[in-house]
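Student: Sharing a model prediction with you, sequence too.
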Amino acid sequence: MSSITSILQSAYAAARQSLISPGDKFANVDPTKYQGTWTGKDYRNQPITISIRKVSGYRANVTLQNSSGLQFQRALITTKDRFRIGDSQFVLTGKGTAQLDTVVTDPTTGIRTVNKAILDLKT
């Protein structure tokens, strides 16, 4: 039987996710491509709102509101026009359009799925 310390350590290591993927590069971005309010619907047809403010260099203040609640984070935008917030990844797909990919883990099976939502820039 494992000690409680080793169980906690392995659970922590499995749950930890880097906000920066290996090999990501950063450079100043055009704030007008990101700043504003992005809206769309998730896979359950629930509203999603992402507010991106104070884009400076490759950093931005991001607020994500969806059916899971409200998250705030200082995001780092990569040269591939993407950033992470919580379990989600925001990817700029065109002028005024983006995709939000959210990883959802089934608590009973542990199977992970990626749910996609299309977002449009409103302001």
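Tutor: Okay, I see it.

Student: Looking at per-residue confidence, what score does the closest residue to residue 86 other than its chain neighbours get?
Tutor: Nearest non-adjacent residue to residue 86, counting by CB to CB, 6 or more residues apart in numbering: residue 71, 4.8 Å away. Bear in mind the C-beta positions are built from the backbone N, C-alpha and C, glycine included. You'll see residue 71 listed with a pLDDT of 91.

Student: by contact count, what packs against the helix or strand containing residue 71?
Tutor: Assigned by DSSP states H and E, residue 71 falls within strand 69-76. Under the contact definition 3 or more CB pairs under 8 Å, 6 or more residues apart in numbering; DSSP states H and E, strand 69-76 sits against strand 59-66, strand 82-85.

Student: quick one: which of the ones you listed is nearest residue 36?
Tutor: Nearest of the helices and strands packed on strand 69-76 to residue 36, taken as CB to CB: strand 59-66 at 11.0 Å.

Student: Partner strands of that closest one, with direction?
Tutor: The pairing partners recorded for strand 59-66 under DSSP bridges are strand 47-56 (antiparallel), strand 69-76 (antiparallel).

Student: So for that strand, what gets flagged as buried?
Tutor: Buried residues in strand 59-66, counted by 16 or more other CB atoms under 10 Å: 59, 60, 62, 64, 66.

Student: Give the full set of residues in contact with the fourth one.
Tutor: When contacts are counted by CB atoms under 8 Å, 6 or more residues apart in numbering, residue 64 is found next to 48, 49, 50, 70, 71, 72, 73, 85, 86, 88.
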